[in-house]
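Enquirer: give me coordinates for this.
(one chain, ligands or ions: 2)
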Amino acid sequence: MYRRERKSAVARMGAPAPAVARRLRSPAGRGSPYCGTMQLSDSFGRVGTDLRVSLTDRCNLRCSYCMPAEGLPWLTGPEVLTDDEVVRLVGVATGLLEVTEVRLTGGEPTLRAGLPALVARIAGLRPRPRISMTTNGLSLSRLAAPLAAAGLDRVNVSLDTVRPAAFSQITRRDRFDDVVAGLAAAATAGLAPVKVNAVLVRGVNDDEAPELLRWCLQRGYQLRFIEQMPLDAGHTWDASTMVTAPEILAGLERHFRLEPVVGRGSAPAELFAVDGGPARVGVIASVTAPFCGACNRVRLTADGQVRTCLFAREESDLRTALRAGASDDELARRWVTAMAGKKAGHGINDPAFVQPTRSMSAIGG
Ligand code: SAM
Ligand code: SF4
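Expert: Residues are numbered from 1 along each chain as shown. Ligands and ions are numbered 1, 2, ... in the order given. Down below sits the predicted model:
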């Protein structure tokens, strides 16, 4: 049984890339030999195959629904996983735990020094995961081409408004033009499909859904609205004033014909064909219509903590084990144990809901 599992796992992985192969074959390399295949299953039958890796908790914007104007107490350098540690843990996830998607996020992931080299190392893992990144887009003019060359497959760029004044109000920075240029650079670099994430804020851009959609359609970007979640560092989220998915859809339907696209799978966005298609728009109704039942996500914070959910109140410390010399197999087992405790849902709508200690930027959105 043990041998068969081991053989089939290696066969699935194809020819291991040198780094992984060395790890799997050499007990001297990482402590213990590879011993079988595991999945990040939870007790509700869901399997984590989509890993969100936060590369930093820092950011060069201060979006009001995410961070306070003064920023946050940032992680110190030694607390943050090194490139070697990130690659090692992602390699454990993809090589031993059947993770197939890796999304780089933060904070702002493009603030990470040497990002293209890190992406190239992740792209060199076997089996190779699909690699995407969520970014505010400020640095994409400079980084889109090198990131694409390094192996990044696609990007989601966060842009809540196409009105420069509203952009400055939401992000507390006057950088609208940089995001627009970054989006264009991403498209030119082939990081397709270029997706735009938008959060609507009551009293600022809550009337802007149709304008934003038109702007994205003209440029070939796929727009997805995200309901604002109680993950802001300032704890100002208010269910009674948040802009809901039904409200967003009603606003769009005054200008466009929307038809639901069937076959959502584990995707968080409910998709709609716009005016008969092929263009689409998505709405992620995390609060009003949670999709926890189909969740396939798992998160790794910039300081090496596994989180099974954005709203989890517990974390599992892989960094300490990693730095104490744990083998890949041991790290994988710790990860599996953490995932087994994943809750059925995020519980935002429970009366007893308590916002997690870490806010969105410190978790990795
Ligand atoms: N800095 C990058 C960015 O903004 O794309 C990546 C990290 S950011 C935390 C990831 C996504 O989370 C962004 O699309 C952002 O709009 C979204 N986000 C942040 N705070 C949120 C909140 N309270 N509710 C819903 N989405 C939020
Ligand atoms: Fe920074 Fe992204 Fe948070 Fe905005 S949403 S403050 S860009 S981490």
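Enquirer: burial check on whichever residue of the chain sits closest to ligand 1, number of neighbours?
Expert: When scored by Cβ to the nearest ligand atom, the chain has Gly365 as its residue closest to ligand 1, at 2.8 Å. In this view, the C-beta of every residue, glycine as well, is placed from N, C-alpha and C. Gly365 has 22 neighbouring residues, counting by other Cβ atoms under 10 Å.
Enquirer: nearest residue to it other than its sequence neighbours?
Expert: Thr105 (5.8 Å; Cβ to Cβ, 6 or more residues apart in numbering).
Enquirer: thought Arg299 was touching Ala362?
Expert: No. Using Cβ atoms under 8 Å, Arg299 makes no contact with Ala362, being 11.1 Å away.
Enquirer: shared neighbours, the two?
Expert: Ser54 (Cβ atoms under 8 Å, 6 or more residues apart in numbering).
Enquirer: who has more neighbours out of those two?
Expert: Between Arg299 and Ala362, counted using other Cβ under 10 Å, the more crowded position is Ala362 (26 against 23).
Enquirer: could you export the helix or strand hosting the more buried one as CSV, CA atoms only?
Expert: Element membership of Ala362 [criterion: DSSP states H and E] is helix 360-363. Listed next in CSV are the C-alpha coordinates belonging to helix 360-363 (Å, rounded to 0.1, in the frame of the first residue of the first chain):
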residue,chain,number,x,y,z
MET,A,360,-7.4,41.4,5.2
SER,A,361,-4.0,42.7,4.3
ALA,A,362,-2.3,40.8,7.0
ILE,A,363,-4.0,37.5,6.0
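Enquirer: how far out from the middle of the chain is it?
Expert: Centroid displacement of helix 360-363 relative to its chain, using Cα atoms, centre = their mean, to the nearest Å, is 11 Å.
Enquirer: helices or strands next to that helix in the packing?
Expert: Helix 360-363 is packed against no helix or strand, with contacts defined by 3 or more Cβ pairs under 8 Å, 6 or more residues apart in numbering; DSSP states H and E.
Enquirer: and that helix, is it in reach of ligand 1?
Expert: Yes. Interface with ligand 1: helix 360-363 contributes Met360, Ser361 (Cβ under 6 Å from any ligand atom).
Enquirer: how about the residues of the stretch 51-200 of the chain by ligand 2?
Expert: Neighbours of ligand 2 within the stretch 51-200 of the chain, by Cβ under 6 Å from any ligand atom: Cys59, Leu61, Arg62, Cys63, Cys66, Met67, Gly106, Gly107, Glu108, Asn136, Ser158.
Enquirer: just give the nearest non-adjacent residue to the third one, would you?
Expert: It refers to Arg62. Once flanking residues are discounted, Arg62 sits nearest to Arg172: 4.0 Å by Cβ to Cβ, 6+ apart.
Enquirer: before we move on, what about the fourth one?
Expert: Once flanking residues are discounted, Cys63 sits nearest to Thr171: 5.3 Å by Cβ to Cβ, 6+ apart.
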